[in-house]
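Visitor: no sequence for this one, just the structure:
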């Protein structure tokens, strides 16, 4: 079985599809959790407390990290395999449309952008929340309690440059998902002439919901920082 997953092209694509589906589900969960910060900062902090240095949260973080690493490594492997086999033609795409050409040809570059954004996000949030709790701290480098996620979100997105960086990160994620969601089905043979346009539509819907959900938190908290009326002060 391990040889099939590491040596077979179909096996590698299967690993990419499974890890991709897992990461999409996590992204949707994370987006839903973040939207709580708009509706109720107190409720968001409660979620942050539940997902702090608790054994189940730490186990979930470990599994998530493994999923990201495997997905990225197999993306590199498949890109290299396809480059050797077909020159400039890239990963796992047998159906071509003008609307997906750019994303499909630049998935690895987009992936590196997403990875860079992830590193920054871990520095801004995970290192100041769960990691602080794991190390036994009661306040992060900004002076906030590690479970006070709402205060950290408000501080981070009061900085205009973080707003720009995160919106660009979400845009890269949108491109990645518009191609990645349907291609993971195509890679395992689930996309035929009937289902391909449906999966393409579903991919764009999922990607757009993710972009809008994450971007809403960034924009709302930035507006609160620059506009007193947006913060309920008027």
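Guide: That came through fine. The shown structure was predicted, so the numbers you read here are calculated from the model rather than taken from an experiment.
Visitor: For residue 210, see how far away the most centrally placed residue in the chain is.
Guide: Nearest to the geometric centre of the chain sits residue 27, at 5.1 Å (CA atoms, centre = their mean). Using CB to CB, to the nearest Å, one gets 6 Å for the distance from residue 27 to residue 210. Any C-beta I mention is one placed from the backbone N, CA and C, and that applies to glycine too.
Visitor: Mutual contacts of the two, please.
Guide: Contact with both residue 27 and residue 210 is made by residues 173, 177, according to CB atoms under 8 Å, 6 or more residues apart in numbering.
Visitor: about what we covered before: list the residues that contact the residue nearest to the centre of the chain.
Guide: If a contact means CB under 8 Å, 6+ apart, then residue 27 has 173, 177, 210 as its contacts.
Visitor: likewise residue 213?
Guide: 31-32, 34-35.
Visitor: what do you get if the cut-off is 6 Å, keeping everything else the same?
Guide: Contact analysis of residue 213 by CB atoms under 6 Å, 6 or more residues apart in numbering lists 31, 35.
Visitor: and what of the one 4 residues further on?
Guide: Contacts for residue 217 (CB under 6 Å, 6+ apart) come out as 34, 37.
Visitor: any idea how far it lies from residue 68?
Guide: 21 Å.
Visitor: which SSE is the closest residue to residue 35 other than its chain neighbours in?
Guide: Of all residues not flanking residue 35 in the chain, residue 213 sits nearest, at 5.8 Å (CB to CB, 6 or more residues apart in numbering). Assigned by DSSP states H and E, residue 213 belongs to helix 195-226.
Visitor: Ok, residue 52 next?
Guide: Going by DSSP H and E, residue 52 is not part of any helix or strand.
Visitor: Give me the pLDDT for it.
Guide: pLDDT for residue 52: 89.
Visitor: Now it. Nearest residue, chain neighbours left out?
Guide: residue 133 (4.8 Å).
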